[in-house]
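> Fold the following and give me the result.
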Amino acid sequence: MALSQKLELRQSQSLVMTPQLMQAIKLLQLSNLDLIAYVDAELERNPMLERAEGDDGADASPDPDGPAADGPADDDPADWLQTDLEPDGAIAGKLDTDLANIFPDDHVKPADETMPVLPAESWAVAPSRQPVSSDDYNLEAFVAQQKSLADHLTDQLGLAVSDPTMRLIGHAIINEIDEAGYLRTDVGSLAERLAAPVEQVERTLAAVHTLEPAGVGARDLAECLAIQLRERDRFDPAMATMVANLDLVAKREYAALRKLCGVDQEDLTDMIDEIRSLDPKPGHAFGASDVQTVIPDVFVRQGPDGGWQVELNSATLPRVLVNRAYHATVAGGRNGGDKAYLTDCLQSANWLVKSLDQRARTILKVASEIVRQQDAFLLNGVRHLRPLNLKTVAEAIGMHESTVSRVTSNKYVATPRGIFELKYFFTAAIAAVAGGEAHSAEAVRHRIRELIADEDADAVLSDDVIVRILRESGVDIARRTVAKYREALRIPSSVQRRREKRVSG
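Numbers count the residues shown, from 1 in each chain. Got it, this is the predicted structure:
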């Protein structure tokens, strides 16, 4: 077989992920906070970008032709600083006392005393009394910081423990307490690390247990509740038995609890109410992070004609401009490397502006289609939420499913029903009886929650009864699906609910 060389020309198509395309895709799935941070980073990196500031109409520069140029007018009522004051003797005569009695700290000594009198135009001050510029004034430096749990316990430890060794052990114990208030380190390992006797560490831990908030430093839930009950003087033998059998309380095995604790139904109800009033995570009252308010990306309002108006939240859209004048100024007379850098910055700036505009248009298009699909929910509530998937929206607006998925991630819409994530409207479909219109899984979960909330204490609904009620209303659902939705809603079983209603009743 002979080998030969030949030259061929072939033409093919392929999808290439350019950096600009990757940037556009990345911007789609960013939340409004992440987008602002990304744009701020681009503004610092790219000299061709500038922030589009709104015109507030305020001019900070003084008018050279106005009164501020030559000083305020004599008859200006706003000129409260008067320079033609009366002599000190005349003022003291009107006040019937010496000025030193009124302003003892500010009274200037006469010229014949040791301290010299500075002329009126002299503004020299001591170095320790330098005036602070308004630009250096930081109001945040005076804002009180929330005290952490460790700081709160450390302040109390100095008063509760006097022995220096136990204070050192106490500081080590406080450092091992997590944000919920629990000690997650074994006492033996802590004593070995500190080279201290275990008994001394135990005594120090007992002293930590007396600090506020009650229950801090506990090693498990039972110990945390026991500490709080001792603080209330409610830790009697019956309550100690209940704390030792918290699993029966969770399972609502009230008959077994009555037998173990040796109490009647009324006392058991009081004991359970006492347990519920305790704080299982006492440390969360300190150093809690601030709750971040969800800022919607889209607003949905009902128009005067009964339709729905969808508009973007302009406050979440960063506005940037391409400074072409700056590029034209600095690009001239540069060498090849500088010109290439400036050209690359200009192209990146153009792509960023186009990507931001395309992102806004895509979000608006997807949100408008979701509102069109879920208009029954906006009018009548969760029970009328329709089943919806990404494919339906993608086909309606002529986009790919992955694009719709990126747009709906971390985006929120403000509706008359509240603020929802865009992904909330995409729910699975549950078949209807006799081939009718399918039901949304979220609507079915809401229906299950309503049925259980309205049940009577003497007629607790089992999962089979809920299935029968839903099928009578046209929802074809299996019992295991009802049990799965009920557990997802953190609703106990019918047996546990019946026990709880008997106790509370």
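
> Okay, now the unreliable bits of the stretch 301-450 of the chain?
333-334, 435 (pLDDT under 70).

> Help me confirm that residue 248 comes into contact with residue 256.
Yes. Assessed by C-beta atoms under 8 Å, residue 248 is found in contact with residue 256 at 5.5 Å. Using the backbone N, CA and C atoms, a C-beta is placed for each residue, glycine as well.

> the more surrounded of these two?
residue 248 (17 against 11; other C-beta atoms under 10 Å).

> Let me see the contact set for the more buried one.
For residue 248, the contacting residues are 256, 257, 260, by C-beta atoms under 8 Å, 6 or more residues apart in numbering.

> okay, those in TSV with pLDDT next?
Output for the contacts of residue 248, formatted as TSV (pLDDT from 0 to 100):
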residue	pLDDT
256	88
257	87
260	90
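
> could I get those residues as JSON lines with secondary structure and distance to residue 201?
Formatted as JSON lines, these follow (DSSP: H, G, I helix; E, B strand; the rest coil; distance: C-beta to C-beta, whole Å):
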{"residue": "256", "secondary structure": "helix", "distance to residue 201": "36"}
{"residue": "257", "secondary structure": "helix", "distance to residue 201": "34"}
{"residue": "260", "secondary structure": "helix", "distance to residue 201": "33"}
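
> closest to residue 2 among the residues you listed?
Checking these against residue 2 with C-beta to C-beta, the nearest one is residue 256 at 92.6 Å.

> Tell me the spacing between that closest one and residue 229.
21 Å (C-beta to C-beta, to the nearest Å).

> Please report the distance of residue 181 from residue 195.
Counting by C-beta to C-beta, the separation of residue 181 from residue 195 is 27 Å.

> Same question for residue 441.
Taken as C-beta to C-beta, the span from residue 441 to residue 195 is 59 Å.

> Comparing the two, which residue is more hemmed in?
More crowded of residue 441 and residue 195, by other C-beta under 10 Å: residue 441, with 17 against 6.

> doesn't residue 426 make contact with the more buried one?
No. Taking contacts as C-beta under 8 Å, residue 441 lies outside contact range of residue 426: 10.2 Å.

> what's around residue 305, how many residues?
7.

> What ranges does the stretch 301-450 of the chain have for its strands?
Ranges of strands within the stretch 301-450 of the chain are 308-312, 320-322, 412-415, 418-421, 429-430, 439-440, based on DSSP state E, counting those that start in this stretch.

> Go through those strands and pick out the most buried.
strand 439-440 (a mean of 25; mean count of other C-beta atoms under 10 Å).

> what's that one in contact with?
385, 386, 387, 388, 427, 428, 429, 430, 431, 432, 474, 475.

> Going through those, which ones are buried?
Those of the contacts of strand 439-440 that meet the buried threshold are 385, 386, 387, 388, 427, 430, 432, 475, by 16 or more other C-beta atoms under 10 Å.

> Kindly indicate which of the residues you listed lies nearest residue 307.
Minimum distance to residue 307 across these is 17.7 Å, recorded for residue 386 (C-beta to C-beta).

> Quick check: chain neighbours aside, which residue is closest to the closest one?
residue 440 (5.7 Å; C-beta to C-beta, 6 or more residues apart in numbering).

> quick check: longest helix of the chain.
As assigned by DSSP state H, the longest helix anywhere in the chain is helix 336-373.

> got the buried residues for it?
Buried residues in helix 336-373 (16+ other C-beta under 10 Å): 342, 345-346, 348-349, 351-353, 355-356, 359-360, 362-371, 373.
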